[in-house]
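Asker: Let's see this in three dimensions:
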Amino acid sequence: MNSKKKASFSKKEWIAAGFKALNKSGYLSIKVEAIARQLKISKGSFYWHFKNAAELKASMLESWVEQSTNSIIHVVEENSTKPTEQLRLLVKITSDLGANQRDNHPFDEAAIRHWARFEPQVAKTMKQVDQARLAFVEKLFLKILTCKKEAHLKANILYASLIGLEHLSYHNMANLENDLPKLLEMLIGSYKSTKNTEK
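Answerer: Residues are numbered from 1 along each chain as shown. Next comes the predicted model:
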């Protein structure tokens with residue numbers, strides 16, 4: 001196989017294939033030979049971009065961090081300066097992604113969290129992501145609250161609810177896109193129940 005053919009399957013496509021394998025069959029399926037067989041291409045294409053499976057996994061984690069955390073924070077900060085609007089936008093983006101991730105989004109965070117239970121580097125990255133996300137949400141709450149402890153608590157509640165509602169939504173026991181925004185309005189004190197609005 002010549003160099004052009006080896007490079008024809010891009011690094012980005014290999015990363016996407018790694019996530020597809022992870023989402024479908026778990027972290028043990030992130031193996032070069034198995035993925036190449038699924039893609040119906042030679043392993044030579046893989047080694048054009050990566051030294052080994054460990055390097056593929058590292059690139060997968062980098063891609064996940066950038067697209068599921070860094071880029072979202074950037075979008076929220078670029079589109080509004082008002083903390084309540086930023087929180088609402090953040091919740092909309094994350095709830096939309098969470099509701100659609102198993103069908104239309106490459107990152108199944110439940111699969112990544114399971115992977116983190118078995119590989120230390122994944123666990124380390126997951127912890128860093130959780131810390132970064134929580135710090136950002138807490139920063140936004142702190143702009144509308146006077147108490148740092150309250151901002152920290154509400155950030156934890158909102159983020160933990162995102163994780164839990166994703167799981168419940170997958171089993172048709174909740175509606176993430178509907179429930180998470182309502183929870184946010186409760187936390188920022190502007191939620192009005194149906195009972196209150198029907199007076």
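Asker: do you know how far the closest residue to residue 142 other than its chain neighbours is from residue 90?
Answerer: The shortest distance from residue 142 to any non-neighbouring residue, by Cβ to Cβ, 6 or more residues apart in numbering, is to residue 151 (4.1 Å). Bear in mind the C-beta positions are built from the backbone N, C-alpha and C, glycine included. Going from residue 151 to residue 90 by Cβ to Cβ, to the nearest Å gives 14 Å.
Asker: Make sure residue 133 is actually in contact with residue 159.
Answerer: Yes. Residue 133 lies in contact with residue 159 (Cβ atoms under 8 Å); the separation is 6.2 Å.
Asker: If you count surrounding residues, which of the two has more?
Answerer: residue 133 (20 against 17; other Cβ atoms under 10 Å).
Asker: List the residues that contact that one.
Answerer: By Cβ atoms under 8 Å, 6 or more residues apart in numbering, residue 133 lies in contact with 69, 159.
Asker: so where does it fall, helix or strand?
Answerer: helix 120-142 (DSSP states H and E).
Asker: what element comes up after that helix heading to the C-terminus?
Answerer: helix 148-170.
Asker: And the next helix or strand after that next one, what does it pack against?
Answerer: Using DSSP H and E, the helix or strand that follows helix 148-170 in sequence is helix 176-188. Under the contact definition 3 or more Cβ pairs under 8 Å, 6 or more residues apart in numbering; DSSP states H and E, helix 176-188 sits against helix 83-104, helix 148-170.
Asker: among these, which is nearest residue 110?
Answerer: helix 148-170 (6.7 Å; Cβ to Cβ).
Asker: Does anything pack onto that closest one? Which helices or strands?
Answerer: Using 3+ Cβ pairs under 8 Å, 6+ apart: helix 148-170 touches helix 83-104, helix 109-116, helix 120-142, helix 176-188.
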